[in-house]
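Undergrad: The sequence and its predicted three-dimensional model are supplied below.
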Amino acid sequence: MNMQVAKNTVVTLDYSVTDPDGELVDAGQEPLVYLHGGYDDIFPMIEEAVQGKKIGESVVVKMQPDDAFGEYDAELVQMEPRSAFPKELQVDMQFEGVPDGADDDDILIYRVTEIADDKVMLDGNHPLAGMALVFTCTVTAVRPASAEEIEHGHFHDGDCDHDD
């Protein structure tokens, strides 16, 4: 039986992401699995593109930064004292942090972009912020979502015991 992607199906996509020049940005090592139907489990533009597709069908979605990871926000770059970090520190290490003046719920992942003698530069932007991206997706599986998945608004894998 060949199901179509529709609301309340769990969809598996093989995907890759390039920039507009065709440079690979994300090779999509792991397939993307999400609950389809406006649950914000995946970018809306991708969801719209795969709506109604069957297994084996592919779509190419060209996204502007606003559709993807947002515009680059220079205010999310912060300098912190070197002493605030573990001794073993490398560029590209990631730390969770809350932007100045934000609620504690607004946790961002900050990436270390530069290490000086007594200062560390952190960037809270997503590495792909400010980039236009081209997503190429192939539907590899579609199944009906369970009542529990629909209630929780995201798919569950076999060993899932989140209580959010």
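TA: Looks like it came in fine. Numbers count the residues shown, from 1 in each chain.

Undergrad: Sheet-wise, list the partners of the lowest-mean-pLDDT helix or strand in the chain with their directions.
TA: Here the helix or strand of the chain ranked lowest by mean pLDDT, DSSP states H and E is strand 94-97, holding a mean of 88. Strand pairing for strand 94-97, using DSSP bridges, gives strand 108-115 (antiparallel).

Undergrad: Only the buried residues of the partner strand, if you could.
TA: Under the neighbour-count criterion of 16 or more other C-beta atoms under 10 Å, strand 108-115 has 108, 110-112 buried. Glycine gets a C-beta too; all of them are placed from N, C-alpha and C.

Undergrad: Kindly format the C-alpha coordinates of it as PDB.
TA: Presented in PDB, the C-alpha positions along strand 108-115 are these (Å, rounded to 0.1, in the frame of the first residue of the first chain):
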ATOM      1  CA  LEU A 108      20.500  29.100  22.800                       C
ATOM      2  CA  ILE A 109      23.400  27.000  21.800                       C
ATOM      3  CA  TYR A 110      26.500  29.200  21.600                       C
ATOM      4  CA  ARG A 111      29.400  28.200  19.500                       C
ATOM      5  CA  VAL A 112      32.900  29.200  20.400                       C
ATOM      6  CA  THR A 113      34.200  31.100  17.300                       C
ATOM      7  CA  GLU A 114      37.400  32.600  18.700                       C
ATOM      8  CA  ILE A 115      39.600  32.200  21.700                       C
END
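
Undergrad: next helix or strand past it?
TA: strand 119-123 (DSSP states H and E).

Undergrad: Check which helices and strands that next one is in contact with.
TA: strand 77-81, strand 108-115 (3 or more C-beta pairs under 8 Å, 6 or more residues apart in numbering; DSSP states H and E).
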